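Engineer: Sequence and predicted structure below; questions after.
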Amino acid sequence: MKRREWMRVFGGGAAMGLSGCGTSSSGGSGRKWTSEALSSIDTVIQRNGCRGWGAWEQGSLKESWRTQESGGILSITKVLAALACAKAAGEGWLSADEKVALTISEWQGDGDKEAVTVQMLLQMTAGLEGGAKALYRGNISDKGKVAVGLRLVDSPGAQFRYGPACWEVLAELLQRKTVARGETLEKFLHRGVMRPIGLHSRDWRSDGKGRFFLSTGAELSVTDLGRLGRTLLDLLSGRDTAGFFARDFKTMTRSSSANPIFGGGLWRNRNAGRGRPVEIEDVLDPPKDASFWRNACLSNRQPASMVSLVGSAGQRIFIWPDEGRVVARLGFSRSWKDLPLMAVL
């Protein structure tokens, strides 16, 4: 089954939005939201299952609706994993180029799996099968064991393949490393990521051992999504914040040659002005080759510096680092599309 089919059978979804005015595909640092632009955005962003949304400019909330609403953020959870890796790097116990097999001993002696690095997991280019069927079906008792045992179907670093596999191997790696340090992954996530940003997840999808999923599963409010977006805006702008070093976050969210617009849970609009706009959720299955991603963008109406976080069925955070703007949307609809919203920004 495709990823969306598994989500329909075994999990929910959510969404987030975007905001702006003008149609520049580069620069745009002088753009400011007008009341008319915000009203147009509100009209579009509330369609298709919206539960709440907010728009922030230079740290101030400019427009919002039901920001107290909370729910599952699905794949936006992936960027929390990237932040955890950045924090671990800052504390000196993880590196992007580190071989996964140094911690996942089950991979030692397997020449192909021994080549996989932490960076490849964050780029989803490790070569592992997607893993949705194995990891999202029913109440799994030990997702780490399942993830570590997944097959390698591509040469490490060669193919972008979307799915939970890389993130749950990463979760197992972080769990083993944190335990060796007298902690657990869950405690580290709260100490090192959630609390410094001011995030509160009332629930988090877990396996039978209580291990958090890193591919999906956190629950946040619209207000929380705004805090997360503003933290990422600082880091993307090169500013250290909330105990994270911008240089470490930049490293952990680096894109790959297999997919130059994705890394560490972030989708980048870097091909704006020369790429073909795509709806990210519609092009993840089946896997696309590098030439597809080299010619894809999120929008030709938005700056190349814009970054998006994409959660299934419409959860979104959009960030304009050069303009100091963030838009977050929470909701659920399989009919949600980003491009209509891009058209009014």
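Structural biologist: The structure has been received and is ready for your questions.

Engineer: Show me where this protein has its strands.
Structural biologist: For the chain, the strands defined by DSSP state E occupy 50-57, 60-65, 70-72, 219-221, 262-263, 266-268, 276-277, 296-297, 307-310, 316-320, 325-331.

Engineer: Same list (the ones you listed) but as TSV, adding distance to Tyr162.
Structural biologist: Any C-beta I mention is one placed from the backbone N, CA and C, and that applies to glycine too. Output for these, formatted as TSV (distance: least, C-beta to C-beta, whole Å):
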stretch	distance to Tyr162
strand 50-57	25
strand 60-65	31
strand 70-72	18
strand 219-221	22
strand 262-263	9
strand 266-268	11
strand 276-277	18
strand 296-297	13
strand 307-310	10
strand 316-320	17
strand 325-331	21
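
Engineer: Please work out which of those strands is packed deepest.
Structural biologist: Mean neighbour count (mean count of other C-beta atoms under 10 Å) peaks for strand 325-331 among those, with a mean of 31.

Engineer: which intervals of the protein have sub-threshold pLDDT?
Structural biologist: The chain contains residues with pLDDT under 70 at 1-30.

Engineer: if I pick the residue nearest in space to the middle of the chain, what's in contact with it?
Structural biologist: Closest residue to the average C-alpha location of the chain: Gly265 at 2.8 Å, with C-alpha atoms, centre = their mean. The contact partners of Gly265, by C-beta atoms under 8 Å, 6 or more residues apart in numbering, come to 75-82, 122, 253, 309.

Engineer: if we can go back for a sec, looking at the strands of the chain, which is nearest to Asn139?
Structural biologist: Distance to Asn139, taken as C-beta to C-beta, is lowest for strand 70-72 among those, at 16.4 Å.

Engineer: contact partners of that closest one?
Structural biologist: 12-14, 51, 202, 205, 216-222, 224, 311, 315, 330-332.

Engineer: Kindly state which of the strands of the chain is positioned closest to Leu150.
Structural biologist: Closest among these, once you apply C-beta to C-beta, is strand 262-263, at 20.0 Å.

Engineer: Would you map the helices across the chain?
Structural biologist: Counting by DSSP state H, one finds helices in the chain at the ranges 3-10, 35-45, 77-91, 118-123, 132-136, 143-148, 165-180, 185-188, 195-197, 222-236, 246-252, 290-294, 339-342.

Engineer: need these in CSV with distance to Phe212 and mean neighbour count, can you?
Structural biologist: Converted to CSV, the helices of the chain look like this (distance: least, C-beta to C-beta, whole Å; neighbours: other C-beta atoms under 10 Å):
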stretch, distance to Phe212, mean neighbour count
helix 3-10, 17, 16
helix 35-45, 29, 17
helix 77-91, 9, 24
helix 118-123, 16, 25
helix 132-136, 13, 21
helix 143-148, 10, 21
helix 165-180, 7, 23
helix 185-188, 5, 18
helix 195-197, 15, 16
helix 222-236, 16, 23
helix 246-252, 18, 21
helix 290-294, 29, 15
helix 339-342, 30, 18
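
Engineer: Need those in TSV (columns: distance to Gly273).
Structural biologist: Output for these, formatted as TSV (distance: least, C-beta to C-beta, whole Å):
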stretch	distance to Gly273
helix 3-10	29
helix 35-45	21
helix 77-91	25
helix 118-123	24
helix 132-136	34
helix 143-148	38
helix 165-180	30
helix 185-188	40
helix 195-197	32
helix 222-236	19
helix 246-252	23
helix 290-294	14
helix 339-342	14
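
Engineer: So which of those is nearest Ala304?
Structural biologist: Nearest to Ala304 among the helices of the chain is helix 222-236 (12.7 Å), distances taken as C-beta to C-beta.

Engineer: what angle do the closest one and strand 325-331 make?
Structural biologist: Interaxial angle, helix 222-236 versus strand 325-331 (axes from the mean of the first three to the mean of the last three C-alpha atoms, to 10 degrees): 140 degrees.

Engineer: That concludes my questions; thank you for your assistance.
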